[in-house]
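[1] Got a predicted structure plus its sequence, pasted below:
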Amino acid sequence: MKRRLSDKQKKRLAANAKLMRWWRNWHAEQLQEALAGVHRDVLQRVMAQLKDLRSARELVNAMAAEDWSVVDADTRSVLLHEINVAIAALRESRACLLSTIRCPARRLARFRSSKPCL
């Protein structure tokens, strides 16, 4: 049986939804600014890779091929957010979330393989 939400809970849910919309819009603006910025070529290559992402290994190889020393920190943080979103979508589509949470050694191995690229 469903419980009815109190007015306080409804207001909190509405406020959280509004904040989430603002946050997503802010990230979209940040991405558009980065794509129009100095490092747009690097971002376009990585974004193309993220759109057609099939495995983490492909992403690690693509990231290792780029020269990140010339890219500023703001652009890298925008790109890191987009990478996080793409990886989360890939994991959800493959239903891998529970299998990696149960096995910390596998998660540590993936971290170690991606660490040199950062």
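    In hand now; what should we look at?
[2] May I see the buried residues of the longest helix seen in the chain?
    Ranked by residue count under DSSP state H, the longest helix found in the chain is helix 7-35. Taking 16 or more other CB atoms under 10 Å as the neighbour-count basis, helix 7-35 is seen to contain the buried residues 30-31, 34. Every C-beta, even on glycine, is put in place using the N, C-alpha and C of the backbone.
[3] and the helix or strand just after it, how far from the chain's centre?
    Helices and strands here follow DSSP states H and E; after helix 7-35, the next one along the chain is helix 40-51. For helix 40-51, the distance between its averaged C-alpha position and the chain's averaged C-alpha position is 13 Å (CA atoms, centre = their mean, to the nearest Å).
[4] CA atoms of helix 40-51 as CSV?
    C-alpha atoms of helix 40-51 as CSV (Å, rounded to 0.1, in the frame of the first residue of the first chain):
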residue,chain,number,x,y,z
ARG,A,40,37.5,21.7,-28.9
ASP,A,41,39.4,19.2,-31.1
VAL,A,42,40.4,17.0,-28.1
LEU,A,43,36.9,17.2,-26.7
GLN,A,44,35.2,16.3,-30.0
ARG,A,45,37.4,13.2,-30.3
VAL,A,46,36.6,12.1,-26.8
MET,A,47,32.9,12.9,-27.1
ALA,A,48,32.7,10.9,-30.3
GLN,A,49,34.4,8.0,-28.4
LEU,A,50,31.9,8.3,-25.6
LYS,A,51,28.9,8.3,-27.9
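[5] by contact count, what packs against it?
    Packed against helix 40-51, as judged by 3 or more CB pairs under 8 Å, 6 or more residues apart in numbering; DSSP states H and E, are the following elements: helix 7-35, helix 56-65, helix 73-94.
[6] could those be laid out in JSON lines, adding distance to residue 48?
    As requested, these are exported to JSON lines (distance: least, CB to CB, whole Å):
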{"stretch": "helix 7-35", "distance to residue 48": "12"}
{"stretch": "helix 56-65", "distance to residue 48": "9"}
{"stretch": "helix 73-94", "distance to residue 48": "11"}
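[7] Good, we can wrap up now.
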